[in-house]
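[1] Sequence and predicted model, in that order:
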Amino acid sequence: MTIRKPPIILFALCLLLAFSCKKWDNYNASQDSALNNNVLTAINNNADLSVFAGYLAKTGYDKIIASSKTFTVWAPNNAAMQLVDPTILSDTAKVKQFVGNHITTQQYFTADVKTFLYIKTLNGKNITFTKTTVDDQPIVKADQYAANGVIHIISSAIIPKPNALQYLLSTSLKQKTEMVSLNYTAFDKTIAVQTGIDPKTGLPIYKAGTGIVNLNRFTDLAPIGNEDSLYTYVILTDAAYNTEKANLAKFYASTSPTVSDSITNFNVIKSLSFKGLYNSDAFPDTVYSTVDSVKFKLKKSDIVETHRVSNGIVYVMNSISYKLYGQANDRFTKIKPIVIQGEKIDSMLSAKSPIIRTRRNPDSSLYKDIILENHGVSSFWFNYRTPANAVKYKVYWRVTRDYSLTLSGTATDLTYFPMSVAFGSQSAIAFTQPKPGVIDNGVSAPAGKRFTANYSEVYLGDYVSPSFYSGNKKDAGGLLNFLSIFLVGNNVTTNGANTLLLDYIKLVPTP
């Protein structure tokens, strides 16, 4: 039996099909229309973007975004442009920076964003793009595509932000003064203008005044002005700066008050940059400074101002909390422990040939030490030069005698080689160990005493460093450069009793 559909149902289906086809045709037409225009044409065709379009033409960015490359433009509408500071729009350099801050290469749609994207714009600055904002400014019409990119219309313009260094330099704080004092100039031959060759030396001759670059001792270590990196940077209030300087000054005391003051100032600011972006609402338990890996505890309660910058975030703080001292192996402190490896000698009493040994710890890891035996010289010494702070140190060493540990003949004890540690000069003996490097395990009949190698770190005593030693040979003003530490052998010429042996000496700062 044939079932016929009512005519009214067939009519409705035909009407729906016709409507759908027309809607699809309209969609395709709109798609084709958008793809017929590049980003510049799309902006010029939008009357609400006419003011921004005028500044695109004024700065030359119109020609750039009309090219075959791909762009994303966050275009401020006319109402947004009316709110821009006239001093920006009337200055040639500032307006170019301003317009470039709204354009980037590549296409960025809101669908590409999970939480946020950090995007570099054509002026070299970075902006933050979310699904609904760009640098915290609302997007009122998103994802307007064109043949060579996409446009997002925004209701507030994106004013270029300073980077962390530029923000600091805009202040009048003591930290800014210290940063500026670290500026210096250097010569870079790769950008200098060569005018000839010196016939006597064969070296290039450069035009006077060319190749000079401006550098800074701090940003050499932590380039907080670099737009390609993200930093969290701390700026201290003047009161906090003074507190930190007072806390640290004693550790950098020397024979030259002027130089000591300069070094203290540098160490106040040295640890205040951190790689990455840290939100004050979710500070991690521990962060580590960029320059010297000092362990910090950042606290939201210490923040007095927060400033978003083009390469991260700046917190102005009235206090900071970090680790000043640590345990023997803690490298994440401000005043760090010093480890002097035995094989890294700087000088010795006379020309000899010590042996650097590679040995194995009980856990199978390897280490190196140094040994000099059978040299026939009384009180032979090795000298080690190291930077150090003006602080009390707990002094440790590790000397592992792993040979000749059994008695022979009628001997009732080992032949030892007492060694001493001296500071400042080889005669300024601070600590002496008469029986270094072994453990006496007592009597083991019938052979007598038995001994094993001592792999432990041995505490020798405390030493108060009288001055700050920078370790920098170029220091001026009477600042002592190195703390000299001596390993001094036994005051005999008897071979076997005047050996020098050392794995390391360790100095651990302590209150």
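    The structure has been received and is ready for your questions.
[2] tell me the contacts of the spatially closest residue to residue 122 that is not a sequence neighbour?
    In space, and not counting its chain neighbours, residue 122 is closest to residue 100: 4.2 Å by C-beta to C-beta, 6 or more residues apart in numbering. Just so you know, the C-beta spots here come from the backbone N, C-alpha and C atoms, and that holds for glycine as well. Residue 100 makes contact with 59, 61, 121-125, according to C-beta atoms under 8 Å, 6 or more residues apart in numbering.
[3] With residue 41 instead?
    66, 146.
[4] contacting residues around the residue nearest the centre of the chain?
    Of all residues in the chain, the one closest to the mean position by C-alpha atoms, centre = their mean is residue 290, 2.8 Å from it. By C-beta under 8 Å, 6+ apart, the contact set of residue 290 is 221-222, 231, 273-275.
[5] secondary structure element for residue 53?
    helix 50-59 (DSSP states H and E).
[6] so what secondary structure elements neighbour whichever helix or strand comes after that helix?
    The C-terminal neighbour of helix 50-59 among helices and strands, as given by DSSP H and E, is helix 61-65. Helices and strands touching helix 61-65, as assessed by 3 or more C-beta pairs under 8 Å, 6 or more residues apart in numbering; DSSP states H and E, comprise helix 39-44, helix 50-59, strand 71-76, strand 103-105.
[7] Please identify the deepest-packed of these.
    strand 71-76 (a mean of 25; mean count of other C-beta atoms under 10 Å).
[8] Could I get the average pLDDT for that strand?
    Strand 71-76 shows a mean pLDDT of 98.
[9] Likewise for stretch 95-115?
    96.
[10] cool, and stretch 124-142?
    Here the average pLDDT along stretch 124-142 is 95.
[11] which of the residues in it are buried?
    125-129, 133-135, 137, 139, 142 (16 or more other C-beta atoms under 10 Å).
[12] out of those residues, which are inside strands?
    126-129, 133-134, 137, 139, 142 (DSSP state E).
[13] Closest to residue 392 out of those residues?
    residue 126 (46.0 Å; C-beta to C-beta).
[14] and that closest one, what is it in contact with?
    118-120, 227, 310-311 are the contacts of residue 126 under C-beta under 8 Å, 6+ apart.
[15] Farthest-apart pair in those residues, please.
    Pairwise over these, using C-beta to C-beta, the maximum falls at 119 and 311, 12.5 Å.
[16] just to revisit the earlier point, so which of the helices and strands packed on helix 61-65 gets nearest residue 214?
    Of these, nearest to residue 214 by C-beta to C-beta is helix 50-59, at 27.1 Å.
[17] out of residue 119 and residue 311, which sits in the busier spot?
    residue 311 (27 against 18; other C-beta atoms under 10 Å).
[18] returning to what we had before: determine the set of other helices and strands touching the helix holding residue 53.
    By 3+ C-beta pairs under 8 Å, 6+ apart, helix 50-59 packs against helix 39-44, helix 61-65, strand 71-76, helix 78-81, helix 92-100.
[19] Apply 10 Å and report the result again.
    helix 39-44, helix 61-65, strand 71-76, helix 78-81, helix 86-89, helix 92-100 (3 or more C-beta pairs under 10 Å, 6 or more residues apart in numbering; DSSP states H and E).
[20] any chance of the ones you listed in TSV, with distance to residue 465 too?
    Converted to TSV, the helices and strands packed on helix 50-59 look like this (distance: least, C-beta to C-beta, whole Å):
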stretch	distance to residue 465
helix 39-44	65
helix 61-65	60
strand 71-76	57
helix 78-81	61
helix 86-89	54
helix 92-100	50
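[21] Nearest residue to residue 360 in space, please, no chain neighbours.
    In space, residue 360 is closest to residue 366, 5.8 Å off (C-beta to C-beta, 6+ apart).
[22] Relative to residue 390, how far out is residue 250?
    6 Å (C-beta to C-beta, to the nearest Å).
[23] returning to that earlier point: grab the CA positions of the helix holding residue 53 and hand them over as CSV.
    Extracted as CSV, the C-alpha positions of helix 50-59 are listed here (Å, rounded to 0.1, in the frame of the first residue of the first chain):
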residue,chain,number,x,y,z
SER,A,50,38.5,56.1,11.3
VAL,A,51,40.6,57.9,13.9
PHE,A,52,42.9,54.9,14.4
ALA,A,53,43.0,54.4,10.6
GLY,A,54,44.3,58.0,10.3
TYR,A,55,47.2,57.3,12.7
LEU,A,56,48.0,54.1,10.9
ALA,A,57,48.6,56.2,7.8
LYS,A,58,50.5,58.9,9.8
THR,A,59,53.0,56.4,11.2
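[24] just the angle between it and helix 92-100, please?
    130 degrees (axes from the mean of the first three to the mean of the last three C-alpha atoms, to 10 degrees).
[25] before we move on, back to that, mind checking how far the residue nearest to residue 360 is from residue 108?
    51 Å.
[26] More neighbours: which of these two?
    Neighbour tally, residue 366 and residue 108, criterion other C-beta under 10 Å: the higher count belongs to residue 108, 20 against 8.
[27] ok, now which ones touch the more buried one?
    Residues in contact with residue 108 (C-beta atoms under 10 Å, 6 or more residues apart in numbering) are 71-72, 74, 117, 119, 129, 134, 143, 149-150, 152.
[28] One more pass at 7 Å, please.
    72, 117, 119, 129, 150 (C-beta atoms under 7 Å, 6 or more residues apart in numbering).
[29] quick one: contacts for residue 469?
    So residue 469 contacts 387-388, 480-483 (C-beta under 7 Å, 6+ apart).
[30] ditto for residue 72
    Contacts of residue 72 by C-beta under 7 Å, 6+ apart are 104, 106-108, 149-150.
[31] For it, which residues count as its bridge partners?
    residue 104, residue 150 (DSSP bridges).
[32] Against residue 123, how distant is it?
    For residue 72, the distance to residue 123 - C-beta to C-beta - is 14 Å.
[33] same check, this time on residue 284
    Residue 284 is 32 Å from residue 123, by C-beta to C-beta.
[34] Over to residue 488?
    63 Å.
[35] got it, and residue 391?
    Taking C-beta to C-beta, one finds residue 391 at 47 Å from residue 123.
[36] Likewise for residue 236?
    For residue 236 relative to residue 123 (C-beta to C-beta), the value is 30 Å.
[37] Sweet, I'm off.
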